[in-house]
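Engineer: Got a sequence here, can you model it:
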Amino acid sequence: MKKATKRLYFLKVLKRSGLTSDHLLHFYVAVIRPILKYCSPVWNHNLPQYLSDKIESIQKEAIRIIFSVTRGMSYIFALSYAELPIQQRRQTLAKELFAEICKPTSRLHYHLPPARDPTLLTRLRNPPKYPTPDGRTKKYQSFVNFALKHYQ
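Structural biologist: Numbering: from 1, shown residues only. Sure thing, here's the model as predicted:
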């Protein structure tokens, strides 16, 4: 969060120097947003709400700096104006990562449990390919276990 907040200062300086909103948006997407998205597919499922709100607040501030039109708008309208959703993007990236892990050529494929018997899958209504693990708490749940429960 600190690193992204420091980059917001540079965004303000660029705004004062007279750059257009297109250039400012490009700076945000190239410099600030990668910091906010770093490893997000892996840690997104275990992210507390207050940290997710902090990430969203940094994006909210960046939108207000880039597009001065959004100063009076609610955050949801400002997001649609800027076309920068972050929460849905994190979930989409997590689903894409899990789809990549499910491929046998992936280096992380060995983290998955053995696949179910194909003859058993034909007898079930909604058969998941891999068995879903049971975990008592969400706090120490790995990404693979979370993905097996929610993305199959």
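
Engineer: Quick test: name the residue nearest the centre of this protein.
Structural biologist: Nearest to the mean C-alpha position of the chain, by C-alpha atoms, centre = their mean, lies R90 at 1.5 Å.

Engineer: so how far is C39 from it?
Structural biologist: When distance is defined by C-beta to C-beta, to the nearest Å, R90 is 10 Å away from C39. Any C-beta I mention is one placed from the backbone N, CA and C, and that applies to glycine too.

Engineer: From K54, how far off is P41?
Structural biologist: The gap separating P41 from K54 is 19 Å, by C-beta to C-beta.

Engineer: higher neighbour count, the two?
Structural biologist: In terms of neighbours (other C-beta atoms under 10 Å), P41 is the more surrounded of P41 and K54; the figures are 19 against 16.

Engineer: Can you give me the neighbour number for the residue lying closest to I101 once chain neighbours are set aside?
Structural biologist: Closest residue to I101 apart from its sequence neighbours, by C-beta to C-beta, 6 or more residues apart in numbering: L108 at 4.7 Å. By the measure other C-beta under 10 Å, the count of residues near L108 is 14.

Engineer: for L108, what are its contacts?
Structural biologist: Applying C-beta atoms under 8 Å, 6 or more residues apart in numbering, we find L108 in contact with E100, I101, V144.

Engineer: sorry, back to before: quick one: contacts for the residue nearest to the centre of the chain?
Structural biologist: R90 is in contact with K37, S40, P41, N44, counting by C-beta under 8 Å, 6+ apart.

Engineer: Average pLDDT for the helix or strand harbouring it, rounded please.
Structural biologist: Per DSSP states H and E: R90 is located in helix 87-102. Averaged across helix 87-102, the pLDDT comes to 83.

Engineer: list the buried ones in the strand or helix carrying L25?
Structural biologist: Applying DSSP H and E as the criterion places L25 in helix 21-27. Across helix 21-27, burial judged by 16 or more other C-beta atoms under 10 Å covers L24, L25, F27.
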